[in-house]
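S.K.: Sequence below, structure please.
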Amino acid sequence: MFEFESLRRFPDVEAPNLFASDAADRLIIDEAGPALLDAAPASVVVIGDDYGALTLGAAALYEVTGIRTHQDDLSGELALANNAAATDLADVYTSHALDEKLLSGASIVLLRLPRGLDALDEIAEAIARFAAPDVRVVAGGRLKHMTPAQNEVLLRHFGRVDVSLARQKSRVLLATEPRQRAADGAPATPSWPRRSHDDALDLEIVAHAAAFAGASVDMGARMLLGHLGQAAPDAARVIDLGCGTGVLGTVLALRRPDLRVLATDQSSAAVASARETAVANGVGDRVTVVRDDGLSRQGDASAEFIVLNPPFHIGATVHTGLAHKLFADAGRVLAPGGELWTVWNTHLGYRSALTRLVGPTRQVARNDKFTVTVSTRL
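M.R.: Residues are numbered from 1 along each chain as shown. Alright, predicted model coming up:
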């Protein structure tokens, strides 16, 4: 018997107030149940399945096979693999990017609604472009994170959106009749990724919807960039950890022509955005972008310079666990004398954690919103 409660978040951060599944996952599975019973093999797609509840629930409860999944975060993809192995369901799904290979011929899409409306827009557009004309999208979430604007986004790409009754503070939206087809039936031209030019940095930014800050420069990154002129002057390589759209790494590559950049993020949208941002600014040959869970691919004491603008939340929960995980990774990977330059929300008070996990930490700049520090590995 499949039990949602048995699922784990590992290797993502685990804590008493962080869960691998919730009532919204169960409601999505229940609402899609009749369609899943009749689903043809390889016709079911799952998007945004944080830790595998939707994928494994569909497989275990309705014997669905050939499921195609897309998870933006690598930690969720790894957690799904771990949970699938633990439940003997490793052979029921394959992981894909958000593209035609994921969605071609799909008749049912189970979607965990993303937090951002732009992310929902890119997902809905992709489904409407590539899935079967009779596709049914069963999209759900917790009521506290749902708004009428999500219905409006779905209606840009589908002719009909129905709303389920609420259950256990969760609700499902059912989208059908995809709109995004040209007159000849071919997929319409995509509107993602988006581009913008930052005049202050003279920087072209390319962003897929799920990437942090979108096609703009967030205030923390801008503040950090204002102080990186004095950072690790002899370094030959820098790691842009949690790179987002690649702003920090690309700007450093532009300012320091002899510097090579490794940009790393667990988000597939961020990795695609960072790669395209580097190319758009003519430094694609010196910026290597990889999808990684922190710095798991990097050896101990192998780096001399790391820059980091860490997240302050995990999903919809404000939590310092992910930042601390990235600090610990940086502390392991930095060589003696190596520097971690970080910007963080001032109220979070990360200095003691940085000192403990990396090394002696000094404040470089501070205002009401952000603090810039440099930590040196002993």
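
S.K.: which residues of the stretch 151-300 of the chain fall in helices?
M.R.: Using DSSP state H, counting those that start in this stretch, the helices of the stretch 151-300 of the chain run over residues 219-225, 247-255, 268-280.

S.K.: Can you give me the domain boundaries for this protein?
M.R.: With domains defined by automatic domain parsing, the chain comprises 4-178, 194-376.

S.K.: Is it possible to get CSV of those domains that adds mean neighbour count and mean pLDDT?
M.R.: Bear in mind the C-beta positions are built from the backbone N, C-alpha and C, glycine included. As requested, those are arranged in CSV below (neighbours: other CB atoms under 10 Å; pLDDT from 0 to 100):
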stretch, mean neighbour count, mean pLDDT
domain 4-178, 19, 95
domain 194-376, 20, 94
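
S.K.: Which of the three states applies to the nearest residue to Ala235 once chain neighbours are set aside?
M.R.: Nearest non-adjacent residue to Ala235, counting by CB to CB, 6 or more residues apart in numbering: Phe305, 3.8 Å away. With DSSP: H, G, I helix; E, B strand; the rest coil as the basis, the three-state label of Phe305 is strand.

S.K.: Hmm, Phe305 is touching Ile239, no?
M.R.: Yes. Between Phe305 and Ile239 there is a contact at 7.2 Å, judged by CB atoms under 8 Å.

S.K.: before we move on, the earlier item: ok, the residue nearest to Ala235 to Gln363 distance?
M.R.: Look at Phe305 and Gln363: by CB to CB, to the nearest Å, they are 19 Å apart.

S.K.: Same check on Gln150?
M.R.: According to CB to CB, Gln150 and Gln363 sit 41 Å apart.

S.K.: repeat for Leu357
M.R.: Leu357 sits 17 Å away from Gln363, going by CB to CB.

S.K.: coming back round to it: now do the residue nearest to Ala235 against Ser75, distance only.
M.R.: Going from Phe305 to Ser75 by CB to CB gives 25 Å.

S.K.: What sits closest to Pro311 if chain neighbours are left out?
M.R.: Excluding its sequence neighbours, the residue lying closest to Pro311 (CB to CB, 6+ apart) is Leu322, at 5.6 Å.

S.K.: Provide the secondary structure category for the one you found.
M.R.: Per three-state DSSP, Leu322 ends up helix.

S.K.: The longest strand belonging to the chain: partners in the sheet, and parallel or antiparallel?
M.R.: Scanning the chain for the longest strand, with DSSP state E as the assignment, gives strand 334-345. Sheet partners assigned to strand 334-345 using DSSP bridges are listed as strand 303-308 (parallel), strand 370-376 (antiparallel).

S.K.: can you redo those as TSV with distance to Gly140?
M.R.: As requested, the strands paired with strand 334-345 are arranged in TSV below (distance: least, CB to CB, whole Å):
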stretch	distance to Gly140
strand 303-308	34
strand 370-376	35
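
S.K.: between those, which one is nearest to Asp329?
M.R.: strand 303-308 (9.0 Å; CB to CB).

S.K.: Distance of the residue nearest to the spatial centre of the chain relative to Ala85?
M.R.: In the chain, the C-alpha nearest the mean C-alpha coordinate belongs to Ser267, at 3.4 Å (CA atoms, centre = their mean). Distance, Ser267 to Ala85, by CB to CB: 24 Å.

S.K.: Before I go, just wanted to say thanks for your time.
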